[in-house]
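>>> here's a sequence, model it:
(chains A and B)
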Amino acid sequence: MAKQVKKGILVEIEQVILTPDERAPQVPDDTRKVPLVMRARGMLTDDSVIGEEAGIETVTGRLLTGKLVEENPAYDHGFGTPIPELIPIGREARDILMKNRKEVSGT
Amino acid sequence: MKDARMKLSDTSYAAVMAKRNEIMKRSVGIDYEKYATGPLSFDYQGLMEDTGYDIETVGCIQAETAVGDTPMVQLNNLTALARTTARGGMGARIFVKDEAQNPSGSFKDRRASLSVYEAKKKGYKGVVAATSGNYGAAVASQAAKLGLSCIIVQEAFDSHGVAQPEIAEKARACEAYGAEVLRLSVGPELFYVFLLILAETGYFNASLYTPYSVLGIETLGAELVRDLSAWDGGLNPDVVVATHAGGGNITGTGRGLEKAGATDIMCVGASVDLSGLHMASDTDFNRKSFTTGHTGFGIPFATWPDRADVPRNAARPLRYMDRFVTVTQGEVFYITQALAELEGMERGPAGNTSLTAAFALAREMEQDKIIVVQETEYTGAGKHPIAQLNLAKQMGVTVRRGNPEENAPGKAIVIPEHPSQIQIVDVDMEGLRTSYVKNAGRSLQPGESPTDTDIAFLAEDCRATEDFVRRVLSEAI
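Below is the predicted model of the structure:
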């Protein structure tokens, strides 16, 4: 069953700004195959259903409408797992400096 | 309160683009036509001076919001590392201006501070900026301090909804400062959305390319001269390296150095090599690990600055850049890791582009010479080598140790096995000047021909002789 979201909750909506056939003449072919899409966040102006048209008021007070995609949208960017190719760099660099200091001081 | 709103009866792409000059004029409050001196030329210094902001005034405005006066740091261990890879007696001392200490974490606060101050002075209720980079957070931070509304328009994700982690972090930061963030999929039509927002809201266009945005950086150039002259023994920079994208950084820094009386410094622009990747391509979007400071902006903005979101770009990089070099993504990630582990400074990778170039440039200079890297940027979730390299791997880009000469943008990120492998590649300045003059020639409308004033302007704008300009124009037109 489609999920209901209450008025006043922070949500994210999506709008299609330009369909593929409306895109600018200079865009490359791969970009022309897909629409130009915009996502915006704001407070839901009426009780709405995920996946359906909904209205929001943004933080600057603008009223926008679009497809409701997410309730209380997450910041899910992060770091991820450590990168094995970066891990040895510090130790290698310190070893180079140590070796060089020994050569310079003759010890 | 100023009302610069504009009712658009037709909001189609073509109709809005046709109104671009009118929308921009209202949103910046500058009549650019007033400065035209010929079909191609304009009064650049007049445009800058008519703002009424001298460098002392800019410094006072920035001090009010704690922008600028960042620490100058000598990088002893990175200098020592560079010297182990240099010939005897070579290896300049490397210094860095720690611009990450600005309120929103980058030198962009300098650019935003004057833009937002001007917006408030002119009576605009809010500011809008089209940027996926640190500038968005800077504009949002300044707008918060000055009590203006703020909207940031970003190119943020590909058609599969996969966000660039660095840009996702900028969106979060902008929202943290109370800004509205509009996130778009890939494409140059972001500018169309930007124009629609300007027309609807009547807000100020806090473009990166207005005189305010460039004048705001002049304090950085002047401060680094001051910082070094106050250093133990009194030092003078020999080379200043600036990461180059849209051209504002090197232009503002170069102007600031001039205003501080330092006219014999070599200004080097540095960009990450992303050759072969198309900047408007949906599939290439997430195959790059740098979203700014790369050749995808650096080359086009050097060879035609007036491609910007204002009629005349105040950033004119060929006027101030003595040398332009590229480095690879893997080399910048190496130096970012080395900066953290050898100097105890964890900073964002994009800002370390110029440091990577400086590491290689230092080898060309004697040990008593001074090389200054004029920025760092903040780091954190998304805006970090770990996040960027995890995305690269997810997108099928090979990440491995090896010789960075094997780097292939979008296909392979090669992280050096040894610091001696970090090298710069020079961009042909003569080629850039030629392209610039050709692009100018191509911008002439039917029936127009270049005047003597145009020739003199173009020569000054790319630091070439008038004979050179005439020769290239005659081939281009």
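>>> check whether A:Pro73 really touches A:Glu12, as I assumed.
Yes - taking contacts as C-beta atoms under 8 Å, A:Pro73 lies within contact range of A:Glu12: 4.1 Å. C-betas here are computed from N, CA, C, even on glycine.
>>> overlap in contacts, the two.
Residues touching both A:Pro73 and A:Glu12 (C-beta atoms under 8 Å, 6 or more residues apart in numbering or on different chains) are A:Arg41.
>>> who has more neighbours, the two?
A:Glu12 (20 against 13; other C-beta atoms under 10 Å in any protein chain shown).
>>> and the more buried one, what are its phi and psi?
Dihedral angles of A:Glu12 (phi, psi; degrees, to the nearest 10) stand at phi -120, psi 140.
>>> for the chain, what are the low-confidence residue spans?
Because you didn't say which chain, this covers chain A. Residue ranges of chain A with pLDDT under 70: A:1, A:105-107.
>>> was after chain B, sorry
In chain B (pLDDT under 70), the answer is B:1.
>>> ok, longest strand in it?
Counting residues, the longest strand found in chain B (DSSP state E) is strand B:149-157.
>>> and residue 11, what does it touch?
In the absence of a named chain, this looks at chain A. Applying C-beta under 8 Å, 6+ apart to A:Val11 gives the contacts A:5, A:41-44, A:48, A:54, A:56, A:68-73.
>>> actually it's chain B I care about, not the one you picked
B:Leu196.
>>> name the SS class of it, please.
coil (DSSP: H, G, I helix; E, B strand; the rest coil).
>>> from B:Lys25, how far out is it?
When distance is defined by C-beta to C-beta, to the nearest Å, B:Thr11 is 19 Å away from B:Lys25.
>>> again, but for B:Ala280
26 Å.
>>> which one of those two is surrounded by more residues?
B:Ala280 (20 against 17).
>>> ramachandran angles for the more buried one?
According to degrees, to the nearest 10, B:Ala280 has phi -110, psi 10.
>>> residue of chain A nearest chain B, please.
Taking C-beta to the nearest C-beta, chain B has its nearest neighbour within chain A at A:Gly90, 3.0 Å off.
>>> tell me the SS of that residue?
Look at A:Gly90: counting by three-state DSSP, its state is helix.
>>> okay, now B:Gln445: neighbour count?
B:Gln445 has 6 neighbours, counted by other C-beta under 10 Å.
>>> hmm, I typed the wrong one, I wanted B:Val96.
30.
>>> A:Gly78 now?
15.
>>> in contact with it, which residues?
B:Pro165, B:Ala381, B:Gly382, B:Ala387.
>>> give me the neighbour count for B:Asp43.
B:Asp43: 16 neighbours (other C-beta under 10 Å).
>>> can you show me the helices along the stretch 1-150 of chain B?
For the stretch 1-150 of chain B, helices defined by DSSP state H, counting those that start in this stretch occupy the ranges B:13-18, B:20-28, B:44-49, B:55-64, B:76-84, B:108-121, B:134-146.
>>> among these, which is nearest B:Thr434?
Among the helices of the stretch 1-150 of chain B, helix B:44-49 comes nearest to B:Thr434, with 20.7 Å by C-beta to C-beta.
>>> which residues are contacting the closest one?
Against helix B:44-49 from outside (C-beta under 8 Å, 6+ apart): B:Ile30, B:Tyr32, B:Tyr35, B:Pro211, B:Val214, B:Leu215, B:Arg312, B:Ala314, B:Arg316, B:Phe457, B:Asp461.
>>> buried residues, stretch A:80-99. List them.
Buried positions in stretch A:80-99, judged by neighbour count with 16 or more other C-beta atoms under 10 Å in any protein chain shown: A:Gly80, A:Ile83, A:Glu85, A:Leu86, A:Ile89, A:Glu92, A:Ala93, A:Ile96, A:Leu97.
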